[in-house]
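# okay, sequence plus prediction incoming.
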Amino acid sequence: MIVGTAGHIDHGKTTLVHALTGVDTDRLPEEKKRGISIELGYAFLDAPGGERIGFIDVPGHERLVHTMVAGASGIDYALLLVAADDGPMPQTREHLAVLSLLGIARGAVVITKIDRAAEGCVSTLRAEIATMLAGTSLQGVPIVEVSAQTGAGIDALRARLLADAREQAHADAAAQEPLAFRLAIDRAFTLQGMGTVVAGTIHAGCVRVGDELALAPSTPGAPAMVRVRSLQAQHQPVQQAWAGQRCAVGLAGLAREAVARGQWLVAPAVRLATQRLDAWLTLWPGEAQPLRSGAHVQAHIGAAHVAATVALLDAERLAPGATALVQLVLASPVGAWHDERVLLRDSAASRTLAGGRVLDPFAPTRYRRTPQRLAELAALRQPGRGERFSALLAATPHGVDLARFAAAQGLAGLPDDFEKKAALAQGGQALGAAQAQASAAAALAALAAFHGRQPDELGPDSARLRRLATPRLPPALWQALLASMAAAGQVVLHGAVVHLPEHGAQLSETETRIAQKVAPLLAAARFEGAWARDMARDTKEPEPLVRTTLARLARRGELHQIVKDLYYPPPTMHELAQLARGVGAAHGGVVLAAQFRDATGLGRKRAIQILEYFDRIGYTRRVGDMHKLRADCTLFAPEPVV
């Protein structure tokens, strides 16, 4: 259990920690000289069962609230100190706001310096404190009285902390989740023989000597991975440390200048940095004005604090005491994961405004207020990871990126049963059942419309159909969807082309005979192509019947009709497509008619007709006078080298 102190300057925080643990947390010469805490201080208390309680002693000066927040963001238990001879002061109230907005609900209020209080003052002060706590996360916590000078109440407070630590240990064991390691760095220094050491509170997971870890955000010039050389947990050398412990990590191969307070030390699987996150935020009830979009604030996450701008997502304004969905746009990258605490202070860092929890560190730039996005954020507010995943599958029309979801949740990987919740899972993506049905319906509607517009073509290639039906569905899920639809007989996959079953009709005996007779004529025509009337004349077959047969062959994907009545066989079109690809490769993916004409030896008119056909079937895309090759098109793919 990590215990954090809070309270106004000179209300005895450092003195109380010394009385409880025997450790003086003021380690800096300036702190000794001025008699006040400037930096975070650390101490430990041994429990009879062998466990250790960690203490973070925070400064109480109003100009050092940002340092106080860096320490408070990782605590489990708060000791809010109020001096008996002073009563609640401005920083008492602001520190209480910080603790409440961070959601810290376990703790106690400690009335200090009771040896200086006049008779009857303490009972009055207890009533004032109870009123001050009303409506906060610490409402109803015990109020204890101590004097560090006389020792009164110290033993009882120590016993209470040890009992609460045992209770927390049992609760933590019962609620253990397979989270990846992450530590919020609040100190970095060097030690002789150990090199660079970073220290902070472990927010999740565990770490072992020899582990390979990463910094988030990364530092320019720093190694991508660092190795754990040594560990101290709760000020004792260990081989392994867990969430809820204060930990110092000796790192091999990392310069002291490459790391700073506010960064995270994390397992590589969950390394991320964001400048845009969505959160669930509550405005402090004591605020005089509502919070509006566009407000400039200081955002505190972990041990970092960074300038940010607020965008309200589901409300026009956030009233004091109310809660809303917000997006924070940060001035510089920070590490953030789902359920990480976030605290906002005003832009001048003079008062605490709001606090809450991160919902999504991968917040979108566009469509952030749409009903669709709000439904996704509602899913991310579900209490358990399995529930969040299921709700997100049901809310996301274009599937869930499994690796991205796992990283945002702080997981090294998803449990095997997560993919089973999806109707389709392919290529690291998962799609819900209702979404798969909707995507299939969109594909069938797009195919029917395509066949209606272009009855002489067999169908679009799969990439083009995706653009027509569900352009935002990831390609891997799209291919899985097509495969499932083909297996169910809803569509037919003819190489790269997709069509409805009824669109590819069988040839009659007469049509088969004509197809066999025109085949050598088509092959001999090469790049010029063959006209229907010429083939009717050369085969001595009725022209209407030849036209019908050729159109049927085109619908079956066995011929390409470039313009009305001009046909090419697939091998010839494959050659022409590869020539176009070669031209495009030499000119940045762009094919011009003159270049294609020269590559094929055709006349300008025929070269343009072929390029316009490529545009029509989705092999290229017309942009002005240019024809740009589509990188995702699977038509005319180069033959594999055997």
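Perfect, I can see it now.
# please make it C-alpha for all contacts and neighbour counts, starting now.
Fine.
# what about the chain, any weak spots by pLDDT?
27-39, 49-50, 60-65, 170-177, 505, 639-642 (pLDDT under 70).
# contacting residues for the residue most central in space within it?
Nearest residue to the geometric centre of the chain (Cα atoms, centre = their mean): F362, 3.5 Å. Contacts for F362 (Cα atoms under 8 Å, 6 or more residues apart in numbering) come out as 274, 276-278, 408.
# what's the closest of those residues to R52?
Distance to R52, by Cα to Cα, is smallest for A408 among those, at 30.6 Å.
# tell me the contacts of that closest one?
Per Cα under 8 Å, 6+ apart, neighbours of A408: 270, 336-338, 360-362.
# state the distance from A530 to L507.
Computed as Cα to Cα, to the nearest Å, the A530 to L507 distance reads 20 Å.
# neighbour-wise, which of these two wins?
When A530 and L507 are compared for neighbours, A530 comes out ahead with 21 against 14, by other Cα atoms under 10 Å.
# is it true that the more buried one touches Y567?
Yes: shown here, A530 and Y567 form a contact pair, counting by Cα atoms under 8 Å, at 5.4 Å.
# find the residues that touch each one of the two.
L522.
# need phi/psi at G459.
Main-chain dihedrals, G459, degrees, to the nearest 10: phi 160, psi 170.
# before we move on, back to that, what helix or strand is the residue nearest to the centre of the chain located in?
According to DSSP states H and E, F362 maps onto no helix or strand at all.
# quick check: buried residues in stretch 530-538?
530-533, 535-536 (16 or more other Cα atoms under 10 Å).
# what's that stretch in contact with?
With Cα under 8 Å, 6+ apart as the test, stretch 530-538 has contacts from 518, 521-522, 542-543, 546-547, 550, 565-568.
# what segments of the stretch 101-250 of the chain are helices?
With DSSP state H, counting those that start in this stretch as the criterion, the stretch 101-250 of the chain has helices at 121-133, 154-174.
# could those be laid out in TSV, adding mean neighbour count and distance to V297?
TSV is the format used below for the helices of the stretch 101-250 of the chain (neighbours: other Cα atoms under 10 Å; distance: least, Cα to Cα, whole Å):
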stretch	mean neighbour count	distance to V297
helix 121-133	15	25
helix 154-174	15	34
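# any idea which of those helices gets closest to G459?
With distances scored as Cα to Cα, the stretch of the helices of the stretch 101-250 of the chain nearest to G459 is helix 154-174 (56.9 Å).
# what does the closest one contact?
1, 19-20, 47, 53, 144, 146-148.
# likewise for stretch 184-198?
Stretch 184-198 has contacts (Cα under 8 Å, 6+ apart) with 70-71, 74, 199-203, 229-230, 248-252, 254-256, 259-265, 302-303.
# most neighbours of all the contacts of F362, which one?
Counting neighbours by other Cα under 10 Å, the top entry in these is D278, with 25 neighbours.
# how many other residues sit next to the residue lying closest to it once chain neighbours are set aside?
Nearest residue to D278, sequence neighbours excluded (Cα to Cα, 6 or more residues apart in numbering): Q327, at 4.3 Å. By other Cα under 10 Å, the residues close to Q327 number 27.
# which other helices and strands contact whichever helix or strand Q327 is part of?
When secondary structure is defined by DSSP H and E, Q327 falls within strand 323-334. On a contact count with 3 or more Cα pairs under 8 Å, 6 or more residues apart in numbering; DSSP states H and E, strand 323-334 meets strand 274-283, strand 304-312.
# next secondary structure element downstream of the shortest one?
Toward the C-terminus, strand 304-312 is succeeded by strand 317-318 as the next helix or strand (DSSP H and E).
# now do that next one: distance to the chain's middle.
The chain centroid and the centroid of strand 317-318 are separated by 25 Å under Cα atoms, centre = their mean, to the nearest Å.
# over to stretch 274-292?
Distance, stretch centre to chain centre, for stretch 274-292: 20 Å (Cα atoms, centre = their mean).
# what is the end-to-end distance of it?
22 Å.
# just the buried residues of that stretch, please?
By 16+ other Cα under 10 Å, the buried positions in stretch 274-292 come out as 274-285, 290-291.
# just checking, what packs against the very next helix or strand once past the strand holding Q327?
The C-terminal neighbour of strand 323-334 among helices and strands, as given by DSSP H and E, is strand 341-346. Counting contacts by 3+ Cα pairs under 8 Å, 6+ apart, strand 341-346 packs against strand 296-301, strand 352-360.
# now the ones you listed as TSV including distance to A108?
As requested, these are exported to TSV (distance: least, Cα to Cα, whole Å):
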stretch	distance to A108
strand 296-301	24
strand 352-360	21
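# nearest to D85, of these?
Counting by Cα to Cα, D85 lies closest to strand 352-360 out of the helices and strands packed on strand 341-346; the figure is 25.6 Å.
# which is the succeeding secondary structure element to the closest one?
Taking DSSP H and E as the definition, the helix or strand right after strand 352-360 is helix 371-380.
# starting at the chain centroid, how far to that following helix?
Between the centre of helix 371-380 and the centre of its chain there are 14 Å (Cα atoms, centre = their mean).
# check stretch 439-458 too.
Averaging C-alpha positions (Cα atoms, centre = their mean) puts stretch 439-458 35 Å from its chain's average.
# give me the contact list for that stretch.
Stretch 439-458 has contacts (Cα under 8 Å, 6+ apart) with 459-460, 465-466, 468-470, 481, 485, 490-491, 497-500, 503-504, 551-552, 554-557, 560-561.
# those residues in helices, which ones?
Of these, the ones assigned to helices by DSSP state H are 465-466, 468-469, 481, 485, 551-552, 554-555.
# let's have these in CSV, adding neighbour count and distance to S439.
Output for the ones in helices among the contacts of stretch 439-458, formatted as CSV (neighbours: other Cα atoms under 10 Å; distance: Cα to Cα, whole Å):
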residue, neighbour count, distance to S439
L465, 23, 11
R466, 22, 10
L468, 17, 11
A469, 19, 7
L481, 22, 8
M485, 17, 11
A551, 24, 30
R552, 24, 29
A554, 22, 27
R555, 23, 24
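# state the pair within these that is farthest apart.
Distances among the ones in helices among the contacts of stretch 439-458 were taken as Cα to Cα; the most separated pair is L481 and A551, at 29.3 Å.
# next, give phi and psi for the spatially most distant residue from the centre of the chain.
Outermost residue of the chain with respect to the C-alpha centroid, by Cα atoms, centre = their mean, is K540; its distance is 67.2 Å. Backbone torsions of K540, given as degrees, to the nearest 10, read phi 60, psi 40.
# check the one 3 residues further on too.
E543 has phi and psi values of phi -60, psi -40 when expressed as degrees, to the nearest 10.
# what's the spacing between the nearest residue to it once chain neighbours are set aside and G120?
Nearest non-adjacent residue to E543, counting by Cα to Cα, 6+ apart: A536, 5.1 Å away. Applying Cα to Cα, the value for A536 to G120 is 115 Å.
# please apply the same query to R453.
91 Å.
# distance between the ends of stretch 205-218?
Start-to-end, stretch 205-218 (Cα to Cα) is 20 Å.
# what of stretch 405-416?
End-to-end for stretch 405-416, by Cα to Cα: 14 Å.
# residues touching the nearest residue to L325 once chain neighbours are set aside, list them.
Spatial nearest neighbour of L325, chain neighbours left out: W280 (4.8 Å); criterion: Cα to Cα, 6+ apart. Contact analysis of W280 by Cα under 8 Å, 6+ apart lists 323-326, 356-359.
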